[in-house]
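Asker: Coordinates for the following, if possible.
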Amino acid sequence: MKFAYWHRYFREIDFPLFATVVAISLLGVLNLWGIAGADSLLFKKQVIFIMIGLSVMIVLSFFNYRYLKNYSLTVLGIYFISVFLLLLTFYSQSVRGVNSWIILGGLSIEPAELAKLMLIVLMAKYFSQRHVHINDFRHIVVVAIYFSLPFAIIFLQPDLGSSIIFLAIWLGMLIAAGINKRHLFLIISVGIIVGYSAWLFALQPYQKTRITAFLNPNSDPRGSGYNIIQSKIAIGSGYIFGNGLGQGSQSNLGFLPEPHNDFAFPAFTEQIGLVGISVVMAIAVTMISRILYIGSRTVSNFGKLFAVGLAIFIGSHVFISAGVNVGFLPVTGLSFPFLSYGGSHLISLMIGLGILQCIKRYG
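Answerer: Numbers count the residues shown, from 1 in each chain. Purely as a prediction, here's the structure:
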């Protein structure tokens with residue numbers, strides 16, 4: 001009886017997507033085992049995070065997503081809770097000069113991850129009901145307000161990486177909703193002006209140094225260029241098949257900064273090599289393509305837009321994190337989805353994937 005039930009369940013959801021989530025999560029656990037060891041607290045906590053995340057994804061796949069589509073007060077309530085949690089970070093402990101976490105004893109929560117997901121839900125709901133009026137500029141103004149409130153808080157934390165992801169989600173979903181080209185040009189023009197002004201007056205000196213250091217990291221190999229140089233050394237030392245689990249000298253000897261988080265990509269490559277990281281990238285691409293496939297097959301405008309937003313959420317994290325680690329992009333402090341340690345990002349993604357599986361089940 002139980003076998004028949006689960007057989008029916010896996011036929012109703014998108015099994016390839018489910019399989020990619022499990023596979024890349026296991027690779028993330030394997031990576032952390034090689035970096036920290038099976039007895040480390042980081043490893044044990046990550047296993048717990050994954051078990052919770054997978055359970056949340058499965059439970060939410062039974063949830064009728066139409067509640068998010070049809071009940072504005074529920075969506076707005078969760079949105080404002082996420083904004084409130086973002087504000088609380090300013091009253092919590094600062095980590096490396098950044099107020100991105102709410103720290104309660106040994107538990108750290110990063111509200112920006114929930115805020116990213118809520119922006120996707122809010123925009124999908126808003127434009128699913130008003131997509132035929134997308135050319136009315138007042139609707140652009142409304143979603144700009146919803147976007148600007150958490151974006152401003154995240155930027156002031158200051159968390160440049162999450163700010164970029166927020167911007168990518170907002171702009172990408174506007175394009176998916178069918179924004180007028182003239183309005184898009186206006187937004188981009190304003191964005192350039194605001195970005196230039198932020199460079200002159202808002203960005204901290206260390207953030208400017210991070211942005212410019214990737215162009216010539218060897219100009220300051222022990223300072224601003226250190227992270228990128230060590231990341232490239234770790235990636236190069238992995239060659240084709242890697243040095244073996246737990247045999248990464250850059251990670252284990254402390255040369256590679258944050259090997260369990262921001263630089264999980266080179267830490268994994270150092271251990272498993274080009275073949276291993278190619279498998280990770282293939283799984284990530286497959287996951288994103290399945291998300292977009294589910295969105296393209298649903299009849300719901302909410303489902304279509306939600307799938308686009310979730311694909312941007314995951315895809316921009318993958319692209320920027322990988323780009324930073326190979327030296328193509330400036331250091332922004334972003335985790336690689338499922339490969340990096342952390343519960344807030346992982347569980348937020350699992351919530352989004354659970355909602356998407358629900359969309360697949362209910363159409």
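
Asker: and Val56, what is it in contact with?
Answerer: 347, 350-351, 354 (CB atoms under 8 Å, 6 or more residues apart in numbering). (Glycine included, C-beta is placed from N, CA and C.)

Asker: host element of it?
Answerer: Counting by DSSP states H and E, the element that carries Val56 is helix 41-60.

Asker: Helix or strand next in line after that helix, which one?
Answerer: Per DSSP H and E, the helix or strand that comes after helix 41-60 is helix 66-70.

Asker: buried ones in that following helix?
Answerer: Within helix 66-70, the residues that count as buried by 16 or more other CB atoms under 10 Å are 68-69.

Asker: what separates the helix holding Val56 from the chain centre, distance-wise?
Answerer: For helix 41-60, the separation from the chain centroid amounts to 16 Å (computed by CA atoms, centre = their mean, to the nearest Å).

Asker: Also stretch 189-201?
Answerer: The answer for stretch 189-201 is 24 Å, by CA atoms, centre = their mean.

Asker: average model confidence for that stretch?
Answerer: In this model, stretch 189-201 carries a mean pLDDT of 83.

Asker: any low-confidence regions in the stretch 201-350 of the chain?
Answerer: Scanning the stretch 201-350 of the chain for pLDDT under 70 picks out the ranges 206-207, 210.

Asker: Counting by contacts, list what the helix or strand containing Phe151 packs against.
Answerer: Element membership of Phe151, judged by DSSP H and E, is helix 137-156. Applying 3 or more CB pairs under 8 Å, 6 or more residues apart in numbering; DSSP states H and E, we find helix 137-156 packed against helix 72-88, helix 111-130, helix 160-177, helix 181-201.

Asker: The top helix by length along the chain versus helix 111-130: what angle between them?
Answerer: Taking DSSP state H as the criterion, the chain has its longest helix at helix 264-297. Taking axes from the mean of the first three to the mean of the last three CA atoms, to 10 degrees, one finds that helix 264-297 is oriented at 20 degrees with respect to helix 111-130.

Asker: quick one: the next helix or strand after helix 264-297 to chain centroid distance?
Answerer: For helix 264-297, the succeeding helix or strand toward the C-terminus, using DSSP H and E, is helix 301-325. Distance of helix 301-325 from the chain centroid (CA atoms, centre = their mean) equals 7 Å.

Asker: Stretch 183-196 now?
Answerer: On CA atoms, centre = their mean, the centre of stretch 183-196 falls 24 Å from that of its chain.

Asker: on that earlier part again, not counting its own residues, what contacts the helix holding Phe151?
Answerer: Residues outside helix 137-156 that contact it (CB under 8 Å, 6+ apart) are 79, 82-83, 86-87, 89, 100, 112, 115, 119, 122-123, 126-127, 130, 133, 162-163, 166-167, 170, 174, 179, 183, 187, 198, 202.
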